[in-house]
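Asker: no sequence for this one, just the structure:
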């Protein structure tokens, strides 16, 4: 979540292909949501993060 917030605010958060590739290849199966012990809706965060990445790529 910190990476998503920092990236969305234009901060250099050190994103590289090791971080971006798994996000962009996520199939949104939501299995991560059921596995998260804190109950965080990770699939929603990934969806939002994809939009941020794509928007940044278009700039």
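Answerer: Nice, thanks for sending it over. What you see is a predicted model; the values in this text were computed from it and never measured.

Asker: For the rest of this, base every contact and every neighbour count on C-alpha atoms.
Answerer: Will do.

Asker: List the buried residues for the longest helix anywhere in the chain?
Answerer: Ordering each helix of the chain by length in residues (DSSP state H) puts helix 42-58 first. Along helix 42-58, these residues count as buried under the neighbour rule (16 or more other C-alpha atoms under 10 Å): 42, 43, 46, 49, 50, 52, 53.

Asker: Does anything pack onto it? Which helices or strands?
Answerer: For helix 42-58, the packing partners by 3 or more C-alpha pairs under 8 Å, 6 or more residues apart in numbering; DSSP states H and E come out as helix 2-8, helix 17-24, helix 31-35.

Asker: What mean pLDDT does that helix get?
Answerer: Over the span of helix 42-58, the pLDDT mean works out to 85.

Asker: what's the answer for stretch 17-25, then?
Answerer: The predicted model assigns stretch 17-25 a mean pLDDT of 86.

Asker: who touches it?
Answerer: Applying C-alpha atoms under 8 Å, 6 or more residues apart in numbering, the set of residues contacting stretch 17-25 from outside is 46, 49, 50.
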